[in-house]
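Student: sequence unavailable; structure follows:
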């Protein structure tokens, strides 16, 4: 399977009904209909493995919960939307710390065995569904390499082992891997794996995560664009282009690249968000990189974002940011 030949420039959203917590709302078919009607063809579904295990037993699967994910896959096919299943919380690792894992995916064999077991459940369940309709995004945003938690060699070992494990079950499944350093650094050393690599659209952080308490953004300066703050640097479009030039090098090697998450938090002034987002989308399009906005509904999204400086349109009881939607549709 040649990934370059089957990766279109997908554009869409992250559906975050089921991403982090130990309870979840059901997905809604109308979301898929609206996404399709508005001209998008991709949804990324961030998942937490703890939602489908029982009695805190990592190998005991709740079949009824997996049926909720079956619906997502079916609706994707119905509305011609590619569905990418992502382990946002995987056995032994999550970028968020609301739950402390008992082992480390990058160091512990027990964690890697559990990680592969769960991906094996999905690989068996969806074998036969075309990779044009469904992909597996292995683990969300591996962190910065460090000797204590995850070296680059640790990461590469885990990814290689898991890709091989999945392909023994389903050799045709399209697999996506996030870059390291929270999705911001590409992995040319894994170019032989024939997988897609996923970047992020969250730079500069001073703009995209202004007042976000989970990254300490409460004390950052109010953002502007160009000229947004990023950990002591000032970013403009040229600096943003240099960042994605590194990802474009993968494309020149025949490796598919997709931006799996992008967006700005609700406290960034809306005019600043739109100016930055237009530059980001132009840069991605110029490099043939598709995108997915985090999120569809919520504080980064086009529905119910709770921004105070948006003239919302009523959309079946939801608050629609029509201006942002139109911008996304342009690209």
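Tutor: Received it, and whenever you're ready, just let me know what you need. Because the structure is a prediction, the values reported are computed rather than measured.
Student: next up, the contacts around residue 328.
Tutor: When the contact criterion is C-beta atoms under 8 Å, 6 or more residues apart in numbering, the partners of residue 328 are 11, 40, 277, 281, 293, 302. In this view, the C-beta of every residue, glycine as well, is placed from N, C-alpha and C.
Student: what helix or strand does it sit in?
Tutor: helix 322-330 (DSSP states H and E).
Student: check the spatially most central residue of the chain and give its pLDDT.
Tutor: Nearest to the geometric centre of the chain sits residue 260, at 3.8 Å (C-alpha atoms, centre = their mean). Reading off the confidence values, residue 260 has pLDDT 97.
Student: give me phi/psi at it?
Tutor: In terms of degrees, to the nearest 10, the main-chain angles of residue 260 are phi -80, psi -20.
Student: nearest residue to it in space, please, no chain neighbours.
Tutor: Distances taken as C-beta to C-beta, 6 or more residues apart in numbering put residue 198 closest to residue 260, at 3.9 Å, once the chain neighbours are dropped.
Student: which residue ranges of the stretch 151-300 of the chain form helices?
Tutor: Per DSSP state H, counting those that start in this stretch, the stretch 151-300 of the chain carries helices over the ranges 152-169, 180-183, 205-208, 237-252, 270-286.
Student: ok so, going back, can you pick out the most distant pair from the contacts of residue 328?
Tutor: Greatest spacing in those, by C-beta to C-beta: 40 and 277 (15.1 Å).
Student: where does pLDDT dip in the stretch 51-200 of the chain?
Tutor: Within the stretch 51-200 of the chain, no stretch has pLDDT under 70.
Student: how about the strands in it?
Tutor: Assigned by DSSP state E, counting those that start in this stretch, the strands in the stretch 51-200 of the chain fall at 53-54, 57-61, 82-90, 93-94, 134-137, 174-178, 196-201.
Student: residues near residue 331, how many?
Tutor: Neighbours of residue 331 under the rule other C-beta atoms under 10 Å: 15.
Student: ditto for residue 192
Tutor: Counted with other C-beta under 10 Å, residue 192 comes out at 9.
Student: now swap in the one 5 residues further on and tell me
Tutor: Neighbouring residues of residue 197 were enumerated by other C-beta under 10 Å; the total is 24.
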